[in-house]
Structures are given as structure tokens and as C-alpha cells.
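just to be clear, the model below is a prediction. Sequence and coordinates:
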Amino acid sequence: MPTGIFLIKWDEILGGTVYLRFPETLEIPDPIVQQITISHNFTESYIISEEKNWNSVSYYNENKEMILVLRLSRYDVGNDFIPPNSSLLEEFNRELDKDMDEEKLKSSLETLFNSSLDAYRTTEAVMTKLSNEVALLRTKEYDYEVKFGVISKSNHLPVKSKILFLLAINDGLHFDEIKNKIKTSKKWLETVIRTLVKNNIVGYNSSMDVYYIKF
């Protein structure tokens with residue numbers, strides 16, 4: 001999650017200097033300021049800066065001769081905050097081109113920072129939902145495997161049904177994998193699988209040497 005935002009101005013004597021920051025308590029090491037300033041080399045560009053204790057994305061505005069820097073947390077990915085993945089810095093760059101006094105500029109800086117947090121929370125919420133869905137699918141997959149284990153040990157279903165159950169919960173299985181899970185003779189298993197392939201119910205991938213359900 002972004003931890004702060006600031007602007008760098010060029011000073012003929014001091015080099016890069018922090019002009020405005022939000023929040024006010026944001027700590028910005030001077031070596032980092034100089035490094036970012038030198039990296040942009042007075043050219044409009046996006047730069048991702050990753051150091052041991054620093055992570056940020058920045059953009060140099062040639063018209064205003066200022067660098068906008070969004071400081072990120074250690075685990076944020078810089079590419080998530082620059083085009084084409086995000087338009088946040090572009091939006092503020094347009095604001096920066098407008099004639100604004102220091103108070104309005106500071107207010108825009110705060111607004112941009114809050115927008116970056118909103119964008120992060122939205123992404124985090126989507127990723128959390130996706131992670132939960134994946135976890136649920138894995139749980140279901142495990143449940144199916146356990147249930148099939150019970151079915152495969154049962155004598156109430158024919159070999160054909162057991163093969164179809166097994167292939168239905170796997171992307172593709174080698175013959176030996178099927179044989180290890182279904183208790184029957186190799187000859188009979190081969191006969192049943194050939195019949196399923198002939199009837200176009202089961203397919204065979206010769207390059208991978210696996211059987212699969214055709215759909």
C-alpha cells in the first residue's frame with residue numbers, strides 16, 4: 001500500500017529538494033531524492049526505484065520542472081501504479097500543468113494519494129476474493145478426491161464408471177495412474193478404456209501419454 005507522496009524541485013545549489021509532501025510526517029532520505037532526480041535527468045519519464053529500504057514510482061514534469069514521487073510499501077509492485085496499469089500519475093501530471101498556488105497543489109497531492117489508496121484497496125479486495133475462490137476450489141477438489149477414493153474402493157460400480165469418475169476430476173492421467181486407483185486386472189482395464197475411446201467418450205493424448213474426458 002502506498003505510504004506517501006511528494007514533489008521534488010531542482011535547486012542550483014542543493015540539487016533535488018523536497019517541495020511538498022503528504023503526509024507531513026513522511027520521511028524521505030536525501031540520497032534517495034538525489035538519486036531519483038539524477039535518474040530522471042530532466043526528461044519526462046516514469047521510473048521505478050527499488051532499494052533495500054525504499055520503493056517508489058516517479059514521473060518528471062518537464063513544464064513545471066518537478067518530479068512527482070509516490071512512495072510504496074516494501075511489497076508493492078511499481079508497475080501496478082504506472083500506465084498502462086494505472087492512470088493516477090498521469091492524472092496528477094495534468095493537474096500539475098495547471099496554474100495552482102501552493103495550497104491548491106498540496107490539496108491535489110493529498111487527493112492523489114487518497115486515490116492511490118482507493119485503487120490499492122480495490123485491487124486488494126479483488127485479489128482477496130480471487131484467493132478465497134481458489135482456496136474454495138482446492139477444497140472442493142480435495143473433497144472430490146476423497147469421495148472418489150471411497151467410490152473406487154466400492155464394488156457397486158463397474159470399472160467404466162470408476163474410470164469416468166477418475167478422469168472427470170483430473171486433467172489427464174497416464175494408464176498406470178488409472179490402474180493404481182482402480183482395482184481390476186490390467187487386461188480388463190485396457191479393454192474398457194479402448195471401448196471408451198472408441199465410443200468417443202474418452203480421448204487419448206499420444207504426445208503426453210494421458211487419457212482425458214472428451215467434451
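Alright, I've got the coordinates.

what's the domain layout of the protein?
Per automatic domain parsing, the structural domains of the chain span 4-124, 156-213.

just the helices in the protein please.
30-40, 88-97, 102-153, 159-168, 175-181, 186-198 (DSSP state H).

where among these is the average confidence lowest?
For the helices of the chain, mean pLDDT drops lowest on helix 102-153, to a mean of 66.

quick revisit: out of the domains of the chain, which gets nearest to Thr139?
Comparing the domains of the chain by their distance to Thr139 (C-beta to C-beta), the top pick is domain 156-213, with 13.3 Å. C-beta coordinates here come from the backbone N, C-alpha and C atoms, glycine included.

how close does Ser207 get to Gly172?
Ser207 sits at a distance of 11 Å from Gly172 (criterion: C-beta to C-beta, to the nearest Å).

next: Val33.
56 Å.

of the two, who's got more company?
The residue with more neighbours, out of Val33 and Gly172, is Val33; 19 against 15, by other C-beta atoms under 10 Å.

my guess is that one contacts Tyr19. True?
No: counting by C-beta atoms under 8 Å, no contact exists between Val33 and Tyr19, whose distance comes to 10.4 Å.

joint contacts of those two?
Ile8 (C-beta atoms under 8 Å, 6 or more residues apart in numbering).

the residue nearest to Asp76 when sequence neighbours are not counted: how many residues sit nearby?
Using C-beta to C-beta, 6 or more residues apart in numbering and skipping residues adjacent in sequence, the residue nearest Asp76 is Asn55, 6.1 Å away. Using other C-beta under 10 Å, the number of residues around Asn55 comes to 20.

hang on, the earlier thing: can I get the domains of the chain in CSV including distance to Thr139?
As requested, those are exported to CSV (distance: least, C-beta to C-beta, whole Å):
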stretch, distance to Thr139
domain 4-124, 22
domain 156-213, 13
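
against the centre of the chain, work out the most remote residue.
Lys187 (47.8 Å; C-alpha atoms, centre = their mean).

and it, how far is that from Leu173?
19 Å.

and for Lys214?
Taken as C-beta to C-beta, the span from Lys214 to Leu173 is 14 Å.

more neighbours: which of the two?
Leu173 (19 against 13).

test my guess that the more buried one contacts Tyr211.
Yes: counting by C-beta under 8 Å, Leu173 does reach Tyr211; the two are 5.8 Å apart.

quickly list what's touching both of these two.
Leu167.

circling back to that earlier point, who's the residue nearest to Asp76 bridged to?
On the basis of DSSP bridges, Asn55 is bridged to Glu50.

which residues touch it?
Here Asn55 is in contact with 49, 71-74, 76, 78 (criterion: C-beta under 8 Å, 6+ apart).

with Glu51 instead?
Applying C-beta under 8 Å, 6+ apart, the residues contacting Glu51 are Ile32.

now do it against Glu27, distance only.
Taken as C-beta to C-beta, the span from Glu51 to Glu27 is 14 Å.

between these two, what contacts are shared?
In contact with both Glu51 and Glu27: no residue, using C-beta under 8 Å, 6+ apart.

so how far is Thr184 from the closest residue to Ile213 other than its chain neighbours?
In this structure, Ile213 finds its nearest non-sequential neighbour in Leu167, 4.7 Å apart by C-beta to C-beta, 6+ apart. Using C-beta to C-beta, we find Leu167 at a distance of 15 Å from Thr184.
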